[in-house]
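K.L.:
following is a predicted model, sequence given first.
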Amino acid sequence: MMTNKTQTCSICNQDFTGFGNNPSPFSGERCCDSCNEKFVIPLRIYEITKNKTSAVLFKTDGTVQSIKPKDKYFTLDELQALVGGLIELYPRRINGHLLVCNEEGLILNLKKNQIFFAYSEIQLVGNVLVCPEEIFEKPEEEDDE
Ligand SMILES: [Zn+2]
């Protein structure tokens, strides 16, 4: 492992040590942690505010990834797999999007989600999915008519 190798950030052009981050959707090979938090993550979030067909998963390991449901909507099974247990909707939204977290996060003693906090200033534990309402579970059919 060459974790102490010096690399040059493809966004700010400063040298940094450590693994660095994938700067996509910015161009280049690697970016520093600071640029990742300041630019890369917000841009990825911004992209889902325009594109209502994917959600963004903030993981406690510090990574952020765009997630699409297999079908048009997420199923309960998919949502549970993403947060690692029972799902809970946090009573706030970001840009109108639902915040899905693990209902038993505190009981299960899941790690604080620092990367999500850096983005939202909301302190949650475990993985957090920022999900457009349009793809959050299939609307229930009216069956009492
Ligand atoms: Zn940088």
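P.N.:
Everything's here; your move.
K.L.:
mean confidence (pLDDT) on whichever helix in the chain runs longest, please.
P.N.:
For the chain, the longest helix by residue count, based on DSSP state H, is helix 41-50. Here helix 41-50 scores 78 as its mean pLDDT.
K.L.:
which elements pack onto the following helix or strand past it?
P.N.:
Next along the chain after helix 41-50, taking DSSP states H and E as the criterion, comes strand 55-58. With contacts taken as 3 or more CB pairs under 8 Å, 6 or more residues apart in numbering; DSSP states H and E, strand 55-58 sits against helix 41-50, strand 64-67, helix 114-120, strand 128-131. Backbone N, C-alpha and C define where each C-beta goes, glycine included.
K.L.:
what residues sit buried inside the longest one?
P.N.:
In other words, helix 41-50. 41, 44-45, 48 (16 or more other CB atoms under 10 Å).
K.L.:
follow-up on the earlier one: return the distance of the longest helix of the chain from the chain's centre.
P.N.:
Between the centre of helix 41-50 and the centre of its chain there are 10 Å (CA atoms, centre = their mean, to the nearest Å).
K.L.:
from the contact counts, what lies against it?
P.N.:
Using 3+ CB pairs under 8 Å, 6+ apart, helix 41-50 sits against strand 55-58, strand 64-67, helix 114-120.
K.L.:
so which of these is the most packed in?
P.N.:
strand 55-58 (a mean of 23; mean count of other CB atoms under 10 Å).
K.L.:
could I get it in PDB with only the CA atoms?
P.N.:
C-alpha atoms of strand 55-58 as PDB (Å, rounded to 0.1, in the frame of the first residue of the first chain):
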ATOM      1  CA  ALA A  55     -30.700   8.400  -5.500                       C
ATOM      2  CA  VAL A  56     -27.400   9.200  -3.700                       C
ATOM      3  CA  LEU A  57     -26.100   6.800  -1.000                       C
ATOM      4  CA  PHE A  58     -23.900   8.300   1.700                       C
END
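K.L.:
and the protein, which residues reach the ion?
P.N.:
9, 11-12, 32, 35 (CB under 5 Å from the ion).
K.L.:
let's go with 6 Å and repeat that
P.N.:
Residues of the chain found near the ion (CB under 6 Å from the ion) are 9, 11-12, 14, 31-32, 34-35.
K.L.:
in CSV: the residues you listed, plus secondary structure.
P.N.:
Converted to CSV, these look like this (DSSP: H, G, I helix; E, B strand; the rest coil):
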residue, secondary structure
Cys9, coil
Ile11, coil
Cys12, coil
Gln14, coil
Cys31, strand
Cys32, coil
Ser34, helix
Cys35, helix
